[in-house]
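Visitor: Okay, predicted coordinates and the sequence, questions at the end:
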Amino acid sequence: MRELVKSLPAASRPLLDPAGPKFRVDAANDAITLFLPPPHAALHAHNTGHWSKKRILVQALRDRVKRIAMKATDRKWPAATIEYRFFFPDAIQRDEANAVHSQKPAIDGIVDSGLIPNDDYQHLHTIGICCAVDKNNPRTELVLRRVAIDQ
């Protein structure tokens, strides 16, 4: 991971390591909030940059989220809901769909951690997307809630 981050331009490195807590778990351990950096433009669906630079960022974010999710809980959930909360540093118009798409490496990291078995429609359900402005603490919050699957 450190080698991947070192290969990124210096201006992009803080985007992988936001200030503050990395996660919050509720008392029953049935909800986890992951605190991540704001969406990076290089991860948007319409990014025209070189694939090799995007690959480094994708892998770094995926690995970081995997480690955070593994620290948050050692339980395995049969399925989960997810709510995306984006807090941007300014009021510039942004596309919600691009913001959600930029979190695909994070979702893959959650699956890699073993928290949920897969990110298909049977195991991960999007329940909401929220966008707001927070000039002092721009960030992305992924709120995961455990769901039981009827067999």
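Guide: Received, thanks.

Visitor: Count the residues that sit near the residue lying closest to Asn98 once chain neighbours are set aside.
Guide: Nearest residue to Asn98, sequence neighbours excluded (Cβ to Cβ, 6 or more residues apart in numbering): His44, at 4.4 Å. (Glycine included, C-beta is placed from N, CA and C.) Number of residues near His44 (other Cβ atoms under 10 Å) recorded here: 18.

Visitor: okay, and for this protein, where does confidence drop off?
Guide: 1-21, 27-29, 151 (pLDDT under 70).

Visitor: Work out for me the element Ile110 sits within.
Guide: Element membership for Ile110 (DSSP states H and E) is helix 104-113.

Visitor: go on, Arg146?
Guide: strand 139-147.

Visitor: How many residues are close by the closest residue in space to Gly109 that isn't next to it in sequence?
Guide: Excluding the flanking residues, the one nearest Gly109 by Cβ to Cβ, 6+ apart is Val65, at 3.1 Å. Close neighbours of Val65, defined as other Cβ under 10 Å, add up to 25.

Visitor: residues contacting Val65?
Guide: Contacts for Val65 (Cβ atoms under 8 Å, 6 or more residues apart in numbering) come out as 34, 36, 105-106, 109-110, 113.
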